[in-house]
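A.B. asks: With the input below, show me the fold.
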Amino acid sequence: MQLTTERLLLEKLQPEDWSLFHEVHSDPVSMQFISAVPQLADIRQRFQTRLQPWQVTSLHMLCLTVRLRASGEAIGLIGANAEWTPCRQAEVGYSLLNRYTGKGYGSEALGAMAAYLLTQCCFHKLTAQVVEGNWPSRRILEKNGFRLEGTLRENYLLRGEWVNDWRFGKLETD
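C.D. replies: The predicted model follows:
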């Protein structure tokens, strides 16, 4: 599987993407709104799970490597967790290496992923949960037509503290 945008190439995660996967999950700035930096064994487990073939009914995450088209350099990850039955929904998530944030790559990658999930995979709805206060991620979602559906109070335990999540959704008809 491969998705192409003006500046990016999104490809299914491969074994040779381990160094990128490890770097994203080991970077405290990239993980700021996601979790504490996981132990190496946990990162390896996540990586191995995401290498498996994916289809809309899979119980594991679809994970794509985000690369710059011009150079092929890997700059981050984007993925989706599907809940096909009975909801036909997928929750999207993304994380770029800190040095590539603020350049529009996250929005461009999400646009390609959302189009793929809604048109080719026939999901009815895409969702995303963002820790309240993560304004850059919120802007990426809103630029791609996701709408704020509400705030989930004390929904997520982030490094020992309960935080609120913003819940976003995008319907196939949006």
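
A.B. asks: and stretch 139-156, how far out from the chain's middle?
C.D. replies: Here stretch 139-156 shows a centroid-to-chain-centroid distance of 14 Å under the convention CA atoms, centre = their mean, to the nearest Å.

A.B. asks: So what touches that stretch?
C.D. replies: 94, 106-107, 110-111, 114, 126, 128-132, 138, 162-170, 174 (CB atoms under 8 Å, 6 or more residues apart in numbering). All C-beta spots, glycine's among them, are computed from the backbone N, C-alpha and C.

A.B. asks: can we see that at 10 Å?
C.D. replies: 33-35, 92, 94, 96, 101, 104-115, 126-132, 134, 138, 161-171, 174 (CB atoms under 10 Å, 6 or more residues apart in numbering).

A.B. asks: Now it: average pLDDT?
C.D. replies: Here stretch 139-156 scores 97 as its mean pLDDT.

A.B. asks: Would you list the phi and psi of the residue lying closest to residue 157 once chain neighbours are set aside?
C.D. replies: Distances taken as CB to CB, 6 or more residues apart in numbering place residue 163 nearest to residue 157, at 7.8 Å, with adjacent residues excluded. Here is the backbone geometry of residue 163 (degrees, to the nearest 10): phi -130, psi 160.

A.B. asks: Just list the residues touching residue 163, thanks.
C.D. replies: Taking CB under 10 Å, 6+ apart, we find residue 163 in contact with 33, 131-134, 152-157.

A.B. asks: which residues of this structure fall in helices?
C.D. replies: Residue ranges of the helices in the chain, as given by DSSP state H, are 18-26, 40-50, 105-115, 135-143.

A.B. asks: can you give me the mean pLDDT across the third one?
C.D. replies: It stands for helix 105-115. For helix 105-115, mean pLDDT rounds to 98.

A.B. asks: Mind giving me the packing neighbours of it?
C.D. replies: Under the contact criterion of 3 or more CB pairs under 10 Å, 6 or more residues apart in numbering; DSSP states H and E, helix 105-115 touches strand 2-4, strand 8-12, strand 62-68, strand 74-83, strand 89-96, strand 125-131, helix 135-143.

A.B. asks: Tell me how many other residues surround residue 113.
C.D. replies: Residue 113 is flanked by 25 other residues according to other CB atoms under 10 Å.
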